[in-house]
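Student: With the sequence up front, the predicted model follows.
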Amino acid sequence: MIGRAIHNGRLLPWSSPEGKPCYLIGDGTGYLSRVADNIESVQLGMAAELLGHAADMVDDRQVTPEQLRFVVARMAEALRDVHRIARSRGARLPVPVLEDQEGEASEEEEGDTGPLDV
């Protein structure tokens, strides 16, 4: 039977002025969580639009090397954003704590490591 879940802080879609990751501790329903959700939504939408633009450029034989470098740089930025969103959402998935029949927490099976810090 699956019992309690362990929750970590949420990795936010922005960094501190020093470039360090920012985390939010809470239940995910507050103002800052909604701001983070909106920023993630914008980032994912921009990445999707960029994919379409890149596909068009690949088919265009008159694209210049400068244009390709520009779109590749924007794609690298978008990939960083999407990777951060995936890490944040993956880390927020509950890690189940298995309970025995008396309701006491037991060891997880070998191989269960929980969220990865990439």
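Tutor: Thanks, I have it.
Student: Every contact and neighbour count from this point should use C-alpha atoms.
Tutor: OK.
Student: Any buried residues in the longest helix along the chain, and which?
Tutor: What stands out as the longest helix in the chain, according to DSSP state H, is helix 31-59. For helix 31-59, burial by neighbour count (16 or more other Cα atoms under 10 Å) applies to 33, 36-37, 40, 43-44, 47, 50, 54, 57.
Student: After that helix, heading C-terminal, what element do we hit next?
Tutor: Downstream of helix 31-59, the next assigned helix or strand under DSSP states H and E is helix 65-91.
Student: Now do that following helix against helix 31-59, angle only.
Tutor: Inter-element angle recorded for helix 65-91 and helix 31-59: 140 degrees (by axes from the mean of the first three to the mean of the last three Cα atoms, to 10 degrees).
Student: Partner strands of the next helix or strand along the chain from helix 65-91, with direction?
Tutor: Next along the chain after helix 65-91, taking DSSP H and E as the criterion, comes strand 95-98. Sheet neighbours of strand 95-98, with direction, are listed as strand 2-6 (antiparallel) (DSSP bridges).
Student: In whichever helix or strand comes after the strand it pairs with, which residues are buried?
Tutor: Downstream of strand 2-6, the next assigned helix or strand under DSSP H and E is strand 10-15. Within strand 10-15, the residues scored as buried using 16+ other Cα under 10 Å are 10-14.
Student: average model confidence for stretch 83-97?
Tutor: Mean pLDDT, computed over stretch 83-97, is 87.
Student: got the CA positions of that stretch in CSV?
Tutor: This file holds the C-alpha atoms of stretch 83-97, laid out as CSV (Å, rounded to 0.1, in the frame of the first residue of the first chain):
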residue,chain,number,x,y,z
HIS,A,83,15.1,21.2,-19.4
ARG,A,84,14.7,23.3,-16.2
ILE,A,85,10.9,22.9,-16.4
ALA,A,86,11.2,19.2,-16.8
ARG,A,87,13.6,19.0,-13.8
SER,A,88,11.2,21.1,-11.7
ARG,A,89,8.2,19.1,-12.6
GLY,A,90,10.0,15.8,-12.2
ALA,A,91,11.2,16.8,-8.7
ARG,A,92,7.7,17.6,-7.7
LEU,A,93,6.3,14.2,-8.4
PRO,A,94,5.6,12.5,-5.1
VAL,A,95,8.0,9.8,-4.1
PRO,A,96,5.8,7.1,-2.5
VAL,A,97,6.8,5.8,0.9
